[in-house]
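Enquirer: Sharing a model that was predicted from the sequence below.
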Amino acid sequence: DQQVKQNSPSLSVQEGRISILNCDYTNSMFDYFLWYKKYPAEGPTFLISISSIKDKNEDGRFTVFLNKSAKHLSLHIVPSQPGDSAVYFCAASRSNRDDKIIFGKGTRLHILP
Amino acid sequence: ETGVTQSPTHLIKTRGQQVTLRCSSQSGHNTVSWYQQALGQGPQFIFQYYREEENGRGNFPPRFSGLQFPNYSSELNVNALELDDSALYLCASSFQGFGRNEQFFGPGTRLTVL
């Protein structure tokens, strides 16, 4: 049972345009959401997070939006740059302290020149 | 500041064998989590160690076991290897204190079971 779903396996975006990566979740106990970025032969690196008490969090070119009623979050990257080409994982954790993170399957983002 | 390191980078085993993977946590971190990433999937939580005790476990059988040492480094042991154990094994370290703490991942160990 996939509790965190990324329904787009891949996405291609022109350099300079906005990249929008989407994620849905099913478990209403999740209260903290994260995006990780992964390059080949490297481990995932933390990108940005959002608590369930917020609906938006911004960090430079990256903004995460959370719609709790729809159990949906999205990551916006603007403007997209060639170095953004990577696999992006949406992840979530619950309000207890075990820090267990549930990951989606990932979306491969290609930034086109 | 040294990041999370894992060894070996990759290895090949046969069904039924046992394997030990190692992880050195980032300086200042006291918690290590292990994840399995199968091809085309996201990382799946195996278990977490905090202060040398198991602190949460995912849906993995008992043949997956671990250890955390006083210096906070960790081992993942898998007994009676099966073909489906072929995956990238990721270790992540964090500091468990107050509030949410970011997990920093190592580059992973690629395990192939033949």
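Expert: Sure, I can see it. Numbering: from 1, shown residues only, chains lettered A, B, ... in the order given.
Enquirer: how far away is A:Pro9 from A:Phe89?
Expert: 12 Å (C-beta to C-beta, to the nearest Å). Glycine gets a C-beta too; all of them are placed from N, C-alpha and C.
Enquirer: Could you check which of the two has the larger neighbour count?
Expert: Ranked by neighbour count (other C-beta atoms under 10 Å in any protein chain shown), A:Pro9 and A:Phe89 place A:Phe89 first, with 25 against 11.
Enquirer: mind checking the SS state of the more buried one?
Expert: Recorded secondary structure, A:Phe89: strand (DSSP: H, G, I helix; E, B strand; the rest coil).
Enquirer: roughly how far apart are it and chain B?
Expert: Distance, A:Phe89 to chain B, by C-beta to the nearest C-beta, to the nearest Å: 5 Å.
Enquirer: mind listing what that residue touches?
Expert: Taking C-beta atoms under 8 Å, 6 or more residues apart in numbering or on different chains as the criterion, A:Phe89 is in contact with A:6, A:35-38, A:44, A:103-104, A:106, B:42-43.
Enquirer: tell me the secondary structure for the residue sitting nearest the centre point of chain B?
Expert: Of all residues in chain B, the one closest to the mean position by C-alpha atoms, centre = their mean is B:Trp34, 3.0 Å from it. Recorded secondary structure, B:Trp34: strand (three-state DSSP).
Enquirer: check contacts around residue 106.
Expert: Let's take chain A. Contacts of A:Gly106 (C-beta under 8 Å, 6+ apart): A:6, A:9, A:38, A:87-89, B:42.
Enquirer: look at chain B instead
Expert: By C-beta under 8 Å, 6+ apart, B:Gly106 lies in contact with A:43, B:3-6, B:23, B:90-93.
Enquirer: Could you do B:Gln48 as well?
Expert: Listed by C-beta under 8 Å, 6+ apart, the contact set of B:Gln48 reads A:98-100, B:31-34, B:54-57.
Enquirer: Which pair of the contacts of A:Gly106 spans the longest distance?
Expert: The largest separation in the contacts of A:Gly106, counting by C-beta to C-beta, is between A:Pro9 and A:Lys38 at 14.0 Å.
Enquirer: Kindly report the residues of chain B close to chain A.
Expert: Residues of chain B lying close to chain A by C-beta under 8 Å from any C-beta of the partner chain are B:4, B:31, B:33, B:35, B:40-45, B:48, B:55-56, B:58, B:90, B:92, B:94, B:96, B:100-108.
Enquirer: Narrow those to those that are buried.
Expert: Taking 16 or more other C-beta atoms under 10 Å in any protein chain shown as the criterion, what is buried in the residues of chain B next to chain A is B:4, B:31, B:33, B:35, B:42-45, B:48, B:55-56, B:58, B:90, B:92, B:94, B:96, B:101, B:103-108.
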